[in-house]
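Asks: Prediction below, plus the sequence it came from.
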There are 2 protein chains.
Amino acid sequence: MNIGDVAARSGLPAKTIRYYEDIGLVKPLRDSNGYRAFREKEVHKLIFLGRARALGFSIEDCRALLALYEDETRASADVKRIAEQHLERIEQKIRDLNAMRATLTHLIEECAGDHRPDCPILEDLARPGGRKVAG
Amino acid sequence: MNIGDVAARSGLPAKTIRYYEDIGLVKPLRDSNGYRAFREKEVHKLIFLGRARALGFSIEDCRALLALYEDETRASADVKRIAEQHLERIEQKIRDLNAMRATLTHLIEECAGDHRPDCPILEDLARPGGRKVAG
DNA sequence: CATGGGGGTTCCAGTTGCTGGAAGGTCAAG
DNA sequence: CTTGACCTTCCAGCAACTGGAACCCCCATG
């Protein structure tokens, strides 16, 4: 199977698939004309990668998950640990973003948004150091 | 004022301040020895930048905000619009992350996390296409 | 006066995960 | 035989820094 078909089947751009080969995530064979020849195994891996990336796993996490995926003797605890660590990072990001949202929402409410220059948003940005995040 | 003092006062690493000069966000003078000579104006700008970056504004947003900050004839509506667009992006990110969190939380709950290879997390990742995000 | 340490300077490379584009080889159809 | 859709490689660039090398500057101490 050529890269175009694999792109269609996996939902990943061909560029991305080449990149994944570059960094050693998949190792397709080559036809005599130099074209990549993907087997079902690689297609499955690429689908796996697409899904893992969509869940926000880093490439290095994906590499580890893929290794576990292929390892029949894996312990599910190893998979779970990676997922839990990733979840932790996501939850931290959500907390950070929620804090930003709260502050921004507040500032936007306060700002008249008219033709005059007075602006609580700029006033806040100009003030150094840790202000409370909302209120 | 030298870069070290400015770094201390603004809370930004010296490296970052140099980078901000590189991309034209601040334009410190130079002493005869080649050292950057920051005036209060630049310190204020850097504090502004630090705060804006902490709220997640992109560098290009920061550039625009800084221009408005310096423009006495600005309309607060222009500031507000930038902030609102940024808030929109943040809220979108939060939605995306919440979806990931829901899926991951669910998968983690399902996974035994023991020495056996069976793993609902890997099973999910291996399945192509759009699954529902939680449940 | 030499030396040491703590500033400062520049420039280059690396990070993450691709993405775009140039320049070219291959192949099936008309 | 040419067109057009594929495929190939390689190089550059995005965001926003960060680390490091190699170097300069200045002051204090012995």
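Replies: Arrived safely, thanks for sending. Residues are numbered from 1 along each chain as shown, chains lettered A, B, ... in the order given.
Asks: Nearest residue to the middle of chain A?
Replies: Nearest to the mean C-alpha position of chain A, counting by C-alpha atoms, centre = their mean, stands A:G56 at 3.4 Å.
Asks: Give me the pLDDT for the closest residue to that one other than its chain neighbours.
Replies: Leaving aside its chain neighbours, A:G56 sits nearest to B:M100 (4.9 Å; criterion: C-beta to C-beta, 6 or more residues apart in numbering or on different chains). Bear in mind the C-beta positions are built from the backbone N, C-alpha and C, glycine included. B:M100 is assigned 97 on the pLDDT scale.
Asks: Tell me which helix or strand B:M100 sits in.
Replies: In the assignment (DSSP states H and E), B:M100 maps to helix B:76-110.
Asks: Taking helix A:76-110 as reference, get the angle to that helix.
Replies: Angle, helix B:76-110 to helix A:76-110, by axes from the mean of the first three to the mean of the last three C-alpha atoms, to 10 degrees: 160 degrees.
Asks: Establish whether helix B:76-110 and DNA strand D are in contact.
Replies: No: with C-beta under 7 Å from any atom of the strand as the criterion, DNA strand D is not reached by helix B:76-110; the gap is at least 10.5 Å.
Asks: how distant is that helix from the center of its chain?
Replies: Remark: helix B:76-110 is offset 13 Å from the chain centroid, using C-alpha atoms, centre = their mean, to the nearest Å.
Asks: for stretch A:74-87, same thing?
Replies: With C-alpha atoms, centre = their mean as the basis, stretch A:74-87 stands 17 Å off its chain's centre.
Asks: Ignoring the adjacent residues along the chain, who's closest to A:D31?
Replies: Closest residue to A:D31 apart from its sequence neighbours, by C-beta to C-beta, 6+ apart: A:A37 at 4.9 Å.
Asks: got the phi/psi numbers for the one you found?
Replies: Backbone torsions of A:A37, given as degrees, to the nearest 10, read phi -120, psi 100.
Asks: what about it, how many residues close to it?
Replies: The burial count assigned to A:A37 is 15, neighbours taken as other C-beta atoms under 10 Å in any protein chain shown.
Asks: In this model A:E21 seems to touch it, though I could be wrong.
Replies: No: contact criterion C-beta atoms under 8 Å: A:A37 and A:E21 do not qualify, at 11.9 Å.
Asks: Just want to check the distance between A:E91 and chain B.
Replies: 6 Å (C-beta to the nearest C-beta, to the nearest Å).
Asks: Count the residues that sit near that residue.
Replies: A:E91 has 16 neighbours, counted by other C-beta under 10 Å.
Asks: list the contacts for it?
Replies: Remark: with contacts taken as C-beta atoms under 8 Å, 6 or more residues apart in numbering or on different chains, A:E91 is in contact with B:R101.
Asks: how does chain A divide into domains?
Replies: A:1-56, A:75-135 (automatic domain parsing).
Asks: quick one: which of those domains is nearest B:L107?
Replies: B:L107 lies closest, by C-beta to C-beta, to one member of the domains of chain A: domain A:75-135, at 6.4 Å.
Asks: centre of the chain versus that closest one, how much separation?
Replies: Chain-centre distance of domain A:75-135: 19 Å, with C-alpha atoms, centre = their mean.
Asks: which ones are touching A:K80?
Replies: A:K80 is in contact with B:I108, B:C111, B:A112, B:G113, B:C119, B:I121, counting by C-beta under 8 Å, 6+ apart.
Asks: quick one: the helix or strand harbouring the last one near chain A?
Replies: In other words, B:I121. For B:I121, the host element (DSSP H and E) is helix B:120-126. Yes: residues of helix B:120-126 contacting chain A under C-beta under 8 Å from any C-beta of the partner chain: B:I121, B:L122, B:D124, B:L125, B:A126.
Asks: Can you give me the buried ones in the helix holding B:M100?
Replies: B:76, B:78-80, B:82-83, B:86-87, B:90-91, B:93-94, B:96-101, B:103-108 (16 or more other C-beta atoms under 10 Å in any protein chain shown).
Asks: What does the pLDDT read for A:A77?
Replies: In this model, A:A77 carries a pLDDT of 98.
Asks: for the one 5 residues further on, same thing?
Replies: The predicted structure scores A:I82 at 97 on the pLDDT scale.
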